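S.K.: Structure for the following, please:
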Amino acid sequence: MNYRENFQLWLNDDFFDEETRRELAAITDEKEIEDRFYQNLEFGTGGLRGIMGAGTNRMNRYTIGRVTAGFGDYLLDMFGAEACRERGVVIGCDTRHNSEDFSRVTADILSGKGIRVWLFDSPRPTPQLSFSIPEKKALAGVIITASHNPKEYNGYKIYDEYGCQLVPGQARQVIRYIDRINDYHEIPFGGNPELIQLVDTTDDFVEAVLKQSLLQDSGAKEELQVVFTPLHGTGYVPVKEVLRRDGFTRLAFVEPQTQPDGDFPTVVYPNPEDERALEMGIAQARESGADLVFGTDPDCDRIGAAVKTAQGYQLLTGNQTGALLMDFILRHTELEAYEKPAVLKTIVTSELGAEIARKHGLAVFSTLTGFKYIGEKITQFEQARRDGDEIRSYTFLFGYEESYGYLAGTHARDKDGAVSALLLCEMAAECRKQGKTLINRLNELYEEYGYYRDAQDSFTLKGKDGLDRIRGMMSALREGDSPFAGTAQVLDYQGQVQAEAGFGLLPKANVLKYVLNDGSWIAVRPSGTEPKIKIYYSIKGSCRNEAEKKLEEAREIIRKQLNV
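M.R.: Model (predicted):
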């Protein structure tokens, strides 16, 4: 059916609830109708994510029901009815509007198919879901979250039995089952309450996070003054408990932002990457003189921080925090105790952390953008050790991406704001004890490894026309020569790019990366979860001024090239 026929079906068929049909009846803009119905909201490698509302191209109980019904059929075929009934699926959600309702719809459909469900009793962090899947010996997991997206969005992510979000090969298998469901009337929305069990794994999750503690100096922890905000999300309970039990006593909260609220009323954008997200926390810290301010996003998988300096509070970028954490972890780890220790980063993450790791003698692996690929690599390392594969057998120590996501330890297979908060506070406490700040330590790293200036630009192009324009941008870049002088290599990840150390080829991805002779690089990719084209810059210079100048030149070239 075309978009108009789909619209009329949803508008007039009483299978769809009255609220949905009222919402559709109020729409008068033809472009709006087209955007809501010109396609099914796509389940891709990042799961399902979109604006909430009525329509086949929106997040609602029907589009979620379609995906869940297909996913349930996949599980039954893959594992069998008995294993599905015994091991089941863990389901969680964040604090967004409709998240709890969507998680209940998911639970009802899976249980109605005879699949056991472990349903979190209230909103919980994404890394806690990742942890809980193997902890419950479940077959899979589902989290209802749009992570750091604006309030209009929600999402649906599927995790495998190891607690790792599905990678493309797995996702394609699930998609085949989803695509078989073309009639919403076939979706079994009635559940089986006997197969749904409410759970809370917070204590076990906190204990697992605390095992990653590296600083034993209780006095240093007691002296550090911290302000924390969960940005109306799920991070408040686990982060507070982790820091309290680790010995941090001077911990204050941005009270208006501790309240779960899907409107995110006190922030423009509930994303620690946005420099405005920590404004209330920084204002509170100025009054108290706190040493450190940090915040987690709504599903507590990302973390952003600001450090008190003589000039005021300085925000850390995701790359800077990652490099500092790399340095802290490796300085406090007896590396000789690990066989072939390794760290992981994505292809759009700065090389500073990688250089630190290499100096300590660690192997460094680069994955595609998305923490699922880091989680997949951890599982591959462990499987290689079980198989006695000496070439591919490594021990994971730390993984991170530039978009404010970090993981130490293997309690989860996704980025974890709780363990990041623990280590961030511990290294800040150590610096304070030494009479310096995290900014001082960062400058010491620059002195040793060279100055890195990292940045990201993103341009939002909404709707079908925006999607077409983004495709055109990527095609034009591929067809032309590199726009950057001094280009040493152009990596097109839609082709065949070799992974490290016997892991074959990287999966294909819509990413172009220009590597320059001076060690700088620029990468361009469409977002997998939002209507955006993103440009990543990692510019290396001998000093800050040189790096800043190079960055502005690169940005100007991109603006002209893409006409944005």
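S.K.: the strands in the stretch 301-450 of the chain, which residues?
M.R.: For the stretch 301-450 of the chain, strands defined by DSSP state E, counting those that start in this stretch occupy the ranges 303-309, 312-315, 341-346, 363-367, 395-401, 405-408.
S.K.: can you put those strands in CSV and add mean pLDDT and mean neighbour count?
M.R.: In this view, the C-beta of every residue, glycine as well, is placed from N, C-alpha and C. Output for the strands of the stretch 301-450 of the chain, formatted as CSV (pLDDT from 0 to 100; neighbours: other CB atoms under 10 Å):
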stretch, mean pLDDT, mean neighbour count
strand 303-309, 98, 24
strand 312-315, 97, 16
strand 341-346, 96, 24
strand 363-367, 94, 20
strand 395-401, 97, 24
strand 405-408, 98, 28
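S.K.: closest to residue 538 out of the ones you listed?
M.R.: strand 341-346 (11.2 Å; CB to CB).
S.K.: Which among the strands of the stretch 301-450 of the chain is found nearest to residue 526?
M.R.: strand 341-346 (15.5 Å).
S.K.: ok, and what's touching the closest one?
M.R.: In this structure, residues lying in contact with strand 341-346 by CB atoms under 8 Å, 6 or more residues apart in numbering are 322, 326, 333, 335, 353-354, 357, 362-370, 373-374, 377-378, 381, 394-402.
S.K.: CA atoms only for it - export them in CSV, please.
M.R.: Once side chains and other backbone atoms are set aside, the C-alpha atoms of strand 341-346 remain, and they are given as CSV (Å, rounded to 0.1, in the frame of the first residue of the first chain):
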residue,chain,number,x,y,z
PRO,A,341,45.8,-7.4,27.5
ALA,A,342,44.0,-5.3,24.9
VAL,A,343,41.9,-2.2,24.7
LEU,A,344,39.2,-1.2,22.2
LYS,A,345,38.1,2.0,20.5
THR,A,346,36.0,3.0,17.5
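S.K.: Adjacent strands (with direction) for it?
M.R.: Using DSSP bridges, strand 341-346 pairs in its sheet with strand 363-367 (parallel), strand 395-401 (parallel).
S.K.: Let me know the distance separating residue 396 from residue 384.
M.R.: Noted for residue 396: a distance of 11 Å to residue 384, by CB to CB, to the nearest Å.
S.K.: what's the answer for residue 175, then?
M.R.: Distance, residue 175 to residue 384, by CB to CB: 28 Å.
S.K.: do the same with residue 507
M.R.: Using CB to CB, residue 507 is found at 18 Å from residue 384.
S.K.: Figure out which of the strands of the stretch 301-450 of the chain is closest to residue 544.
M.R.: Counting by CB to CB, residue 544 lies closest to strand 312-315 out of the strands of the stretch 301-450 of the chain; the figure is 13.1 Å.
S.K.: what about the closest one, distance to the chain center?
M.R.: Distance of strand 312-315 from its chain centroid, counting by CA atoms, centre = their mean, to the nearest Å, is 24 Å.
S.K.: what's the answer for stretch 101-117, then?
M.R.: With CA atoms, centre = their mean as the basis, stretch 101-117 stands 24 Å off its chain's centre.
S.K.: pLDDT on that stretch, on average?
M.R.: Rounded to a whole number, the mean pLDDT of stretch 101-117 is 98.
S.K.: Name the surrounding residues that touch it.
M.R.: With CB under 8 Å, 6+ apart as the contact definition, stretch 101-117 has outside contacts at 59, 61, 64-65, 68-69, 71-73, 75-76, 81, 84-93, 119-120, 142, 144, 154, 156, 187-197.
S.K.: Quick check on those: which are buried?
M.R.: 59, 61, 64-65, 68-69, 71-73, 75-76, 84-85, 87-93, 119-120, 142, 144, 154, 156, 187-188, 191-192, 195-196 (16 or more other CB atoms under 10 Å).
S.K.: Low-confidence regions, the stretch 51-200 of the chain specifically.
M.R.: Under the criterion pLDDT under 70, no range of the stretch 51-200 of the chain is flagged.
S.K.: switch to 90 and redo it
M.R.: Low-confidence segments of the stretch 51-200 of the chain, defined by pLDDT under 90, span residues 148-149, 168.
S.K.: can you give me the strands in it?
M.R.: According to DSSP E, counting those that start in this stretch, the strands that the stretch 51-200 of the chain contains are 89-93, 117-120, 140-144, 153-159, 196-199.
S.K.: closest one to residue 519 among the ones you listed?
M.R.: Within the strands of the stretch 51-200 of the chain, the stretch nearest residue 519 is strand 153-159; the backing value is 34.7 Å (CB to CB).
S.K.: if we can go back for a sec, could you export the strands of the stretch 51-200 of the chain as CSV, including distance to residue 513?
M.R.: Shown next, in CSV, are those (distance: least, CB to CB, whole Å):
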stretch, distance to residue 513
strand 89-93, 34
strand 117-120, 38
strand 140-144, 30
strand 153-159, 26
strand 196-199, 42
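S.K.: which one of those lies closest to residue 339?
M.R.: Closest among the strands of the stretch 51-200 of the chain, once you apply CB to CB, is strand 153-159, at 27.6 Å.
S.K.: From the contact counts, what lies against the closest one?
M.R.: Strand 153-159 is packed against strand 48-51, helix 61-79, helix 99-112, helix 126-135, strand 140-144, with contacts defined by 3 or more CB pairs under 8 Å, 6 or more residues apart in numbering; DSSP states H and E.
S.K.: contacts for it?
M.R.: With CB under 8 Å, 6+ apart as the criterion, strand 153-159 contacts 43, 46-52, 59, 64, 67, 71, 96-99, 102, 106, 126, 129-130, 133, 140-147, 149, 165-166, 171, 174, 413-414, 529-530.
S.K.: Stretch 268-282 now?
M.R.: Looking at stretch 268-282 with CB under 8 Å, 6+ apart, the contacting residues turn out to be 148-151, 227-229, 231-233, 254, 256-257, 264, 266-267, 293-298, 302-306, 313, 315, 318, 403-404.
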